[in-house]
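**Q** got a structure for you, letters missing:
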């Protein structure tokens with residue numbers, strides 16, 4: 001009797017497991033596409049505004065003067081996360097490793113679908129030549145900064161982010177500010 005009950009329980013568990021696998025295989029992945037914006041198609045005014053805001057953020061490391069982003073410039077999540085405390089912590093780490101921030105050099109822009117956001121990629125130039133950093137500013141459809149990221153520079157943006165190409169349904173926007 002115990003053997004039969006054990007066998008039925010085991011068959012039930014295996015049956016439930018196989019149903020989950022078949023359901024996940026039939027689900028369609030959301031369409032997610034990254035497209036490079038040609039240099040002559042980049043919105044010059046928006047690019048210059050993002051460059052100025054990027055320089056303002058990184059220049060905080062040199063001057064220790066922080067000007068918070070306005071409601072018009074950034075989403076509430078970015079403004080909430082971009083505090084003087086967080087910037088100071090990041091700046092201290094960067095200043096020790098790379099020296100003073102010198103300049104920001106625009107490299108390229110991408111549009112991601114279906115979110116319809118534009119990602120501006122900049123090379124952040126520092127005092128020490130070992131610094132190969134990227135500042136990535138994401139702008140939403142309301143022309144607001146929805147994410148600011150600092151990463152190690154990789155020449156091929158799409159290959160570097162290929163593993164992250166599927167958006168997380170739990171997170172609608174990237175909130176990282178360092």
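**A** On my side now, so go ahead. Note that the structure is a prediction, hence the values are computed from the model and not measured. Residues are numbered from 1 along each chain as shown.
**Q** Quick check: residue 138 vs residue 158, distance?
**A** 15 Å (Cβ to Cβ, to the nearest Å). C-beta: built from backbone N, CA, C; applies to glycine.
**Q** which of those two has more neighbours?
**A** Neighbours of residue 138 and residue 158, each counted by other Cβ atoms under 10 Å, are more numerous for residue 138; the result is 22 against 12.
**Q** phi, psi of the more buried one?
**A** The phi/psi pair for residue 138 (degrees, to the nearest 10) reads phi -100, psi 130.
**Q** how near is it to residue 67?
**A** According to Cβ to Cβ, residue 138 and residue 67 sit 20 Å apart.
**Q** The helix or strand residue 121 falls within packs against which elements?
**A** In the assignment (DSSP states H and E), residue 121 maps to strand 117-126. Under the contact definition 3 or more Cβ pairs under 8 Å, 6 or more residues apart in numbering; DSSP states H and E, strand 117-126 sits against helix 44-63, strand 101-113, strand 133-139.
**Q** among those, which is the most enclosed?
**A** strand 133-139 (a mean of 21; mean count of other Cβ atoms under 10 Å).
**Q** thought residue 58 was touching residue 135?
**A** Yes - the criterion here is Cβ atoms under 8 Å, and residue 58 meets it with residue 135 at 6.6 Å.
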